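Colleague: Below is the sequence, then the predicted model.
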Amino acid sequence: MSRVGVLVLGPAGVGKSTFCNSIISHMQSIGRRAHIVNLDPAADATQYEFTIDIRDLISLQDVQEEMNLGPNGALIYCFEFLMNNLDWLDEQIGDFNDEYLIFDCPGQIELYTHIPILPTIVKHLTSQLNFSLCATYLLEAPFVIDRSKFFSGALSAMSAMILLELPHINILSKVDLVETQVAKRELKQFLNPDPMLLASDINEKTNPRFAKLNRAIANLVDDFGMVQFLPLNCNTKDDESNSVANILSYIDDVTQWSEAQEPKDPKEDFDPEELEE
Ligand SMILES: Nc1nc2c(ncn2[C@@H]2O[C@H](COP(=O)(O)OP(=O)(O)OP(=O)(O)O)[C@@H](O)[C@H]2O)c(=O)[nH]1
Ligand SMILES: [Mg+2]
């Protein structure tokens, strides 16, 4: 039995649900099957139906009304409720052996950067349900190309990486929105960044009082040495299929998806017409 799961994480509005739909549509186009697990109790309907939906267990609106909580408090309540009812998740996932599940997560990043709610669910999925999981963390290109915001985004990605302890892929979403602002070569600076170089750019423009702090943060990101991004564009059809195919090949690699497949009889792929040509 091989179960692969992809967590789609990142701040509000970065394009997580759009990315989930793009992966599903790409996988369908190459004859693979996948399902979306919606873990966002405040989600709207998307193009593809959710196969498993946290809203069948608990709804954000009900919690807000009944518990008299604001949206963020209610979201944490929903996740604590899920944590205390993990048998619901087991039951829902039970039918999906040998499947690829894509977990669309809420944009309140404190769920996976500060409080140990999602890490507990992740441990359950890996140790109890035998999932090979991979985290994808999206940050949007228009935000990241502002150098000082690059560091705040990179630190939030690192925080999720450390807290979740999963193979982790950072994604720079909405690259189409910066195509007119930055040249391709400049965009590469952010995909495969040299933090010390970016910090010296920041120091040229900010108050010198912060120079040491900026360098210390850049050093931290540099020492960690694992902050790189894969580009994603879900707005242009050709770019969408290219960027999603590229990201999927990384996900397959880290989750060892192909190795987990049952070995196929080579005769199944045999096409006699090819020989005749
Ligand atoms: N230009 C452009 N817009 C995008 C892209 N991906 C997503 N969007 C837009 O960004 C907005 C937010 O997208 P969502 O997929 O709902 O983002 P999300 O991260 O799921 O949002 P929350 O679940 O609310 O945190 C929508 O209007 C999308 O159409 C992209 O690659 N390019
Ligand atoms: Mg969403």
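Modeller: Structure received. Ligands and ions are numbered 1, 2, ... in the order given.

Colleague: from here on, contacts and neighbour counts on C-alpha atoms
Modeller: OK.

Colleague: Now tell me what touches stretch 81-95 from outside.
Modeller: 52, 57, 58, 117, 120, 121, 129 (Cα atoms under 8 Å, 6 or more residues apart in numbering).

Colleague: Any chance of the backbone angles for the closest residue to residue 144 other than its chain neighbours?
Modeller: Nearest residue to residue 144, sequence neighbours excluded (Cα to Cα, 6 or more residues apart in numbering): residue 150, at 4.4 Å. Dihedral pair for residue 150: phi -50, psi -40, per degrees, to the nearest 10.

Colleague: pLDDT score assigned to residue 150?
Modeller: pLDDT recorded at residue 150 is 87.

Colleague: Ok, residue 265 next?
Modeller: 54.

Colleague: ditto for the one 3 residues further on
Modeller: For residue 268, the pLDDT comes out at 53.

Colleague: same check, this time on residue 262
Modeller: Note for residue 262: predicted pLDDT of 59.

Colleague: and if you look at the one 10 residues further on?
Modeller: The predicted local distance difference test score for residue 272 is 53.

Colleague: now swap in residue 189 and tell me
Modeller: 83.

Colleague: which residues of this structure fall in strands?
Modeller: Counting by DSSP state E, residue ranges of the strands within the chain are 3-9, 35-38, 52-53, 100-104, 131-140, 168-173, 230-231.

Colleague: for ligand 1, what are the nearby residues on the stretch 151-277 of the chain?
Modeller: 173, 174, 176, 177, 233, 234, 235 (Cα under 6 Å from any ligand atom).

Colleague: of those residues, buried ones?
Modeller: Using 16 or more other Cα atoms under 10 Å as the burial test, these include 173, 174, 176, 233, 234 as buried.

Colleague: that older thread, max pairwise distance over the contacts of stretch 81-95: which two?
Modeller: Distance extremes for the contacts of stretch 81-95: the farthest pair is 58 and 129 at 21.7 Å, using Cα to Cα.

Colleague: what's near enough to touch residue 77?
Modeller: Counting by Cα under 8 Å, 6+ apart, residue 77 has contacts residue 63.

Colleague: Would you mind measuring from it to residue 117?
Modeller: Distance check for residue 77 against residue 117: by Cα to Cα, to the nearest Å, it reads 10 Å.

Colleague: just residue 170 next, same as before
Modeller: 21 Å.

Colleague: the more surrounded of those two?
Modeller: residue 170 (24 against 18; other Cα atoms under 10 Å).

Colleague: my read: the more buried one touches residue 232, true?
Modeller: No. Judged on Cα atoms under 8 Å, residue 170 makes no contact with residue 232 at a distance of 10.3 Å.

Colleague: Export the buried ones among the residues of the stretch 151-277 of the chain next to ligand 1 as TSV, with columns for pLDDT.
Modeller: Shown next, in TSV, are these (pLDDT from 0 to 100):
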residue	pLDDT
173	96
174	96
176	93
233	94
234	92
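
Colleague: Identify the bridge partners of the closest residue to residue 232 other than its chain neighbours.
Modeller: Excluding the flanking residues, the one nearest residue 232 by Cα to Cα, 6+ apart is residue 173, at 4.7 Å. Applying DSSP bridges to residue 173 gives these bridge partners: residue 140.

Colleague: I'd guessed residue 173 sits against residue 143; true?
Modeller: No. Between residue 173 and residue 143 there is no contact under Cα under 8 Å: 9.9 Å.

Colleague: which neighbours do the two share?
Modeller: Overlap of the contact sets of residue 173 and residue 143 (by Cα under 8 Å, 6+ apart) is empty.

Colleague: So what's the residue count around residue 34?
Modeller: 18.

Colleague: Likewise for residue 31?
Modeller: Neighbours around residue 31, by other Cα under 10 Å: 8.

Colleague: Any figure for the gap between it and ligand 1?
Modeller: Between residue 31 and ligand 1 the distance is 23 Å, computed by Cα to the nearest ligand atom, to the nearest Å.

Colleague: pLDDT wise, what is that residue at?
Modeller: Looking at residue 31, its pLDDT reads 90.

Colleague: wait, what's in contact with residue 122?
Modeller: residue 164.

Colleague: What of residue 172?
Modeller: 138, 139, 140, 141, 191, 229, 230, 231, 232.
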